[in-house]
Every structure is written in structure tokens, then in C-alpha cells.
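Would you be able to build a 3D model of this:
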Amino acid sequence: MPTPETSPEPPVAGPEPSLVPPPSSIGKPHATGLNVTTPAVVLLTVATLYFGRDIFIPFALAVLLSFMLAPPVAWLRRVRVPRAPAVLLVVGVAFSLIGALSVLVGSQMVGIARNLPAYQTAMQEKIRSIRSVAPGGGAIDQTTKVIEALGAELSAEPGASAASRNGEAGRPKKEPIPVRIESPGYQPFTSIQTAIGPLLGPIGTAGLVIIFIFFVLLEPSNLRDRFLRLAGGDLHRTTEALSEAAQRVSRYLLMQLIVNATYGVPLGIGLYFIGVPSAFLWALLATLLRFVPYLGPFIAALFPLTLAFVVDPGWSMLLWTAALILGIELISNNVIEPWLYGSSTGLTPVAVILAAIFWTLLWGPVGLILAMPLTVCLVVMGRYVPQMEFLDVLLGSDPVLSPAERLYQRLLAGNVEEAIEIAELHVAENSLLAFYDQVGLAMLCLAENARQHGASAEDRQKVADGVRTIVLDLKEQDGKAKSGSNERQAKESRGASALCIAGRGELDDAAAAMLVHGLESRGIGARPVPASAVRLETIGSLDLDGAAVVCFSYLNPMPKAYARFVCRRLKRRMPQLKIVLGLWNLAPEAGTAAQLAADAGADAAAVTLEEAVRLVEEMAMQPAPAAGA
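Numbering: from 1, shown residues only. Modelled structure (predicted):
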């Protein structure tokens, strides 16, 4: 859970910000809106999308294409062109370009098919060369013969001996009786149905897409208003969700276009110099096909590789083409895409793969094209609709646990090494005191509130031991960074002038260890004292020699009674002793830190470790009082 930052303030009267939310809200699981009815709603939605795919697929394609066509329509509107003519012009030009490209690609494929007899000799030579260089001398032929023999063995009648089979193999085979099937007369309607039938589905889908695009581009505000009305009365959140979804999808399409262009342009230039026919056509086709995840790049590479194989009598054109495609793919996938995409989609890599699988199973190849935009919209809805929050948690790229929660989980699981990595990374990005305040103390507050809700002593001990290990590691890192520094030697010569005492248990002891390190990082000598030293039977023998300031660490939300007891006992022994209360998890109903310090008899109170370090640093400048009896 994220913890709000607080600025160091002197302990004055009035409300003070606390480091973490109140105990009632810490240590409890996040509400993701996943109730009993959510699975039923999800299943019903999936079934609706599947059985209604004939309507939903054209509409989804129309919405996706409208994202691409909306900018030119808006530009025409800015130059005073009416909306209807602007939409007609943009849609007409777009589909004319798509049709022209389809005709061009089709003509090229027909040309390749017509020229195949001319390329037959080159292909035969390549096949012969492959068979000749196969290891073992004709290994392909031998493998083929073995497979044929095995097939004959499997097709033989059971129980037949090898001799009978060999004898039957030696007999001449009877010629089968020829049978001729007379086809009925020419039926034009059947021929037309056979030829046009498979095209009716795509043509109908394309027609619906065009119709939907016109409606989406002609009445965008009307559709938006109706969606806002259906989404509910919270216009603010719904408007934010629509804006963010449109922004993310538009950014994704723009980045995808740039990535595809950085792939297609070098590919066209390279194919041109290699000598592949229609090089720039295949580059343009590759740019467009890469909008189809996973399958598109493979299809785009198939055309130039096939041409290079059939056109060139040798192998150089094929090898150069394969090397070109492989090199551009590696650069595009490992350099260009991570650099340009960034967080444009807001999806994790696993979510991208799962989305592609889900939408492909649901809607077929078209679902593969729509997988990314549709999933982006679902994740955005999960951020703003509480009932769909589980989608953002499962698919979104934003961290679902705060650094304090991640650290707490790692320590509970006994994964101290990863907890140390989290600590070192946060310290490197911020500072030591910022880590202790924003992550360390917040994590201990989670552990303390979990204790109040029944967490075991073993879990508390794991957390406390893990914190001490993290503190030791950070001390070593700090010592390496400052080794040999005269400033550090001067600071260390000041001696131990502060006692950091744990208030009650092992978690308070871990907080005291962090405070000790924080003071040492400022050059203030400090010594940790366990909670057992301030119990009723031991507080009288507490060693206060050389201590100018005593700072108590309390993670208990209501520490007034404990603080009052120790403050009165210590003040009786040494009236000049300065006492600071570290109230790291103070509950709102306990009052302010300043009020609690005054009631307990302490000199000051702090709610953040940075504030406590500042107070101790100021008080430690005064000479240490002599120890009293």
C-alpha cells in the first residue's frame, strides 16, 4: 500500500500527518471488486462475444480503423470541410488504397505463379544440390526407402508371413478395373456458388465495417454520450476512462506504425540491392502485416524468401535475404520496440501473450489483430470500474504492491536476498532515510497491524530478523562508499551520545536498528537497546552512561501508557536526559504526537525517522548529563 510522504516538522500542537494510513486500513487485502457474481458476468460476456462475433468483429474493426481515420477527418474539419463529405473522402481514399494494394499484391502473386515453369530448372538444381550434400551419401533417398518399406509392412494383412509377403511382392499385380464417373451437365449456378461462396463472408464483414466506420466518424459525440449514459452517472470517472483508453490505443497504433516503418524501409532498401523482384512492394506489405502480432512478421518474410529461392539459380540471394530479415528482426524486437513502446500499452508481456491467445480463440485471425487494442481498453476500464479492477491487477503493468508490501511479503516468505535487492534499489534511487521512512517503517507498520489481527510470533520474528539483516547490508554498503573519508572519521569520533530503545517487542527493536543506522549516517554515535531493558524489573539498571538523548521506537498505535511509564522512570534517574518518542504507527484516536509527548513527559515526538534523526541531532549537540542513581 502506498504511504504518503511527510515533511519533517517540529513537534507543535495541531494535527500531524502520519507516515502510513490508520491501522484499520493497513494489513488488509486490497479490494479488487471480485465478488461472487463477477465470474458469472465474465462467462456471460465471453459467451456473448463468441456467439455475437458476426456483429462484434465488424464493429471492433470499425472502431479500431476510426482511430486511424479520425485525425485526417479532424484536419479536413479544421479547413472548413463539412463532416459528411470529410468522412466520405477519408473513408473512400483509405479503402481505395487498401483495394489497390490488394490488387497489386494479387497481381504479383499471379505473376509469380505464371513464371514458376521458368523457375523450375533453378529449383530442381537447388533440390539436387541439397540431396547431393546430404551426409551419408544419398541419406534422403535411403530414408525415403525405409519409410516406404515400413509403410508396406504396416499395410500388410495380420498373420501373413514374410515369405508370403515376399511371394506376393514378386507376383505381377492385377490391373484394377477402370471406373469412369459421368458428371452431370454444366450447372452455372453451382459453379458460381462454388466460386463466390467463400468470398461472401469476408465481403459481408467488409461491408459492415464500412457502415460502422461511417456511423462512428459521422456521430462520434452522439456515440460517446450514449456510452457515458450506459456506463452510469459518474461522468468524471467515465470521461477519464474514455480519454485514457483513446490515448493509449492511439499511442499504441502510432508506435506500432513507427516500429513497422523502421522495419519496412530498411527491408525494402536491402531487398532492392539484393535483387529481389518487387522489393518495395514486399517492404510495404511487411509494414502492414506486422500489425498482426506473431503471425504477420512470418507471412511478411515468406514472400521475399520464396522469390529469392525460385529466382536465383544459386544460393546467394536466398542467404542474403534471410540474413537481412533476421538482422532487422533482431534490431526491431530488441532495440526499436522496447525503446519506442515503453509503457504505451500498460500491459505486461504475459498479458500480451494471453490476450493474443484469448482473442484468437474467440474471434479467429481477426481477434489476433484486435487483441492488443481490446485488452488495453479492458485494462483501462479495470482502473476506473471497481467491479473490473481484477483486470487491471491481472493484466496491467503498474505495480500492484507498494514497495513496503513487496518487502513485507519477501520477508514473510523468507526471501531475504530479494528483500535486500529491493532495499538497495530504493536507497540508490532515493536516499537511506527516505527508504527507512517510506518503505522500512511502513513495512513494520504492516507487520504490527498484522500482529494485532492475529499474526504469529514466528512471522514477526522473521520480519524483525530480516530487517536487521537489511540494516547490516546497508551499513556495509554505506561503509564501502565512505571508506577512507576524513569526514566520516571525524563524525565517528563523537562517540555514542544516543540510545535507541525498542518500545515493546521485536518489531520495535527492528525500528530502533533502522534509527541507529540513520543516526550513524549523520555522524551521530548511537547504540541500540532491546525492549527487555526497559521492563519493570530491568529499567532501573539501564545503562545511561554517556547518553545525551534517548529515543524510543513504538509501532503500537496506542503507546501512551508504555511511553508514560518509561519516561517517568528515566526522568527520575536523570532529569536532564532528553527523551524523543518515535511514534511510527500512531492511531488518529491517540491524539497528536506533540500531545502524546507532553502527556508522557517526553521532550519531543516524531512520526518519521527523518524527523527523529533531526531532533536527536539537535539535542545531541548539548553535553551529556552525568548518570544518576
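
In stretch 541-560, which residues are buried?
Buried residues in stretch 541-560, counted by 16 or more other Cβ atoms under 10 Å: 542, 544, 546-557, 559-560. To be clear about C-beta, it is placed using only N, CA and C from the backbone, and glycine gets the same treatment.

Of those, just say which sits nearest to residue 607.
The closest of the buried residues of stretch 541-560 to residue 607 turns out to be residue 554 (Cβ to Cβ; 10.6 Å).

partners of that closest one in the sheet?
For residue 554, the beta-bridge partners are residue 583 (DSSP bridges).

Could you pull up the residues touching it?
Residues in contact with residue 554 (Cβ atoms under 8 Å, 6 or more residues apart in numbering) are 503, 504, 508, 562, 563, 581, 582, 583, 584, 585.

which of those count as buried?
Buried members of the contacts of residue 554, counted by 16+ other Cβ under 10 Å: 503, 504, 508, 562, 563, 581, 582, 583, 584, 585.

among those, which are in helices?
Counting by DSSP state H, the part of the buried ones among the contacts of residue 554 found in helices is 508, 562, 563.

Dump the residues you listed into JSON lines; add pLDDT and distance to residue 45 as well.
Formatted as JSON lines, those follow (pLDDT from 0 to 100; distance: Cβ to Cβ, whole Å):
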{"residue": "508", "pLDDT": "91", "distance to residue 45": "50"}
{"residue": "562", "pLDDT": "87", "distance to residue 45": "54"}
{"residue": "563", "pLDDT": "88", "distance to residue 45": "55"}
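
Dump these into JSON lines; add distance to residue 613 as well.
Below are these laid out as JSON lines (distance: Cβ to Cβ, whole Å):
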{"residue": "508", "distance to residue 613": "17"}
{"residue": "562", "distance to residue 613": "22"}
{"residue": "563", "distance to residue 613": "19"}
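
between the buried ones among the contacts of residue 554, which is closest to residue 63?
Using Cβ to Cβ, residue 585 is the member of the buried ones among the contacts of residue 554 that lies nearest residue 63, at 49.2 Å.

How about the contacts made by residue 104?
residue 281.

Low-confidence bits of the stretch 351-500 of the chain, can you list those?
Residues of the stretch 351-500 of the chain that meet the criterion pLDDT under 70 lie in 479-496.

Can you list which of the buried residues of stretch 541-560 are found in strands?
Under the assignment DSSP state E, these contribute 549, 550, 551, 552, 553, 554 to strands.

How about the third one, nearest residue that isn't a chain neighbour?
Meaning residue 551. Spatial nearest neighbour of residue 551, chain neighbours left out: residue 580 (4.4 Å); criterion: Cβ to Cβ, 6 or more residues apart in numbering.

Pretty sure the one you found sits against residue 609.
No: using Cβ atoms under 8 Å, residue 580 is not in contact with residue 609, being 11.3 Å away.

Outline the domain layout of this protein.
For the chain, automatic domain parsing gives the domain ranges 31-128+202-218, 403-480+492-620.

Buried deepest among those, which one?
domain 403-480+492-620 (a mean of 20; mean count of other Cβ atoms under 10 Å).

From start to finish, how long is that one in a straight line?
Distance across domain 403-480+492-620, first residue to last, is 32 Å (Cα to Cα, to the nearest Å).

Repeat that for stretch 69-87.
For stretch 69-87, the separation between the terminal residues is 9 Å (Cα to Cα).

mind checking how far it is from the chain centre?
Mean C-alpha position of stretch 69-87 versus that of the full chain (Cα atoms, centre = their mean, to the nearest Å) differs by 37 Å.

cool, and stretch 546-564?
With Cα atoms, centre = their mean, you get 42 Å for stretch 546-564.

Please apply the same query to stretch 279-296.
Distance, centroid of stretch 279-296 to centroid of chain: 26 Å (Cα atoms, centre = their mean).

Would you mind putting the CA coordinates of it into CSV?
Output of stretch 279-296 as CSV, limited to C-alpha atoms (Å, rounded to 0.1, in the frame of the first residue of the first chain):
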residue,chain,number,x,y,z
ALA,A,279,11.3,-5.2,-53.3
PHE,A,280,9.4,-2.1,-52.2
LEU,A,281,6.1,-3.9,-52.6
TRP,A,282,7.2,-6.6,-50.2
ALA,A,283,8.5,-3.9,-47.8
LEU,A,284,5.1,-2.1,-47.8
LEU,A,285,3.4,-5.4,-47.3
ALA,A,286,5.7,-6.2,-44.4
THR,A,287,4.9,-2.9,-42.8
LEU,A,288,1.2,-3.6,-42.9
LEU,A,289,1.4,-7.3,-42.0
ARG,A,290,3.3,-6.5,-38.8
PHE,A,291,0.2,-5.0,-37.4
VAL,A,292,-0.8,-8.7,-37.0
PRO,A,293,1.1,-10.0,-33.9
TYR,A,294,3.3,-13.1,-34.2
LEU,A,295,1.8,-14.3,-37.5
GLY,A,296,2.2,-11.1,-39.5
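
just to revisit the earlier point, can you give me the pLDDT of the residue nearest to residue 551?
Residue-level confidence at residue 580 comes out at 91, pLDDT.

where does it sit relative to residue 60, distance-wise?
62 Å (Cβ to Cβ, to the nearest Å).

if we can go back for a sec, out of the ones in strands among the buried residues of stretch 541-560, which comes closest to residue 271?
Using Cβ to Cβ, residue 553 comes nearest to residue 271 of these, at 69.5 Å.

do you know how far that closest one is from residue 227?
Distance from residue 553 to residue 227, by Cβ to Cβ: 53 Å.
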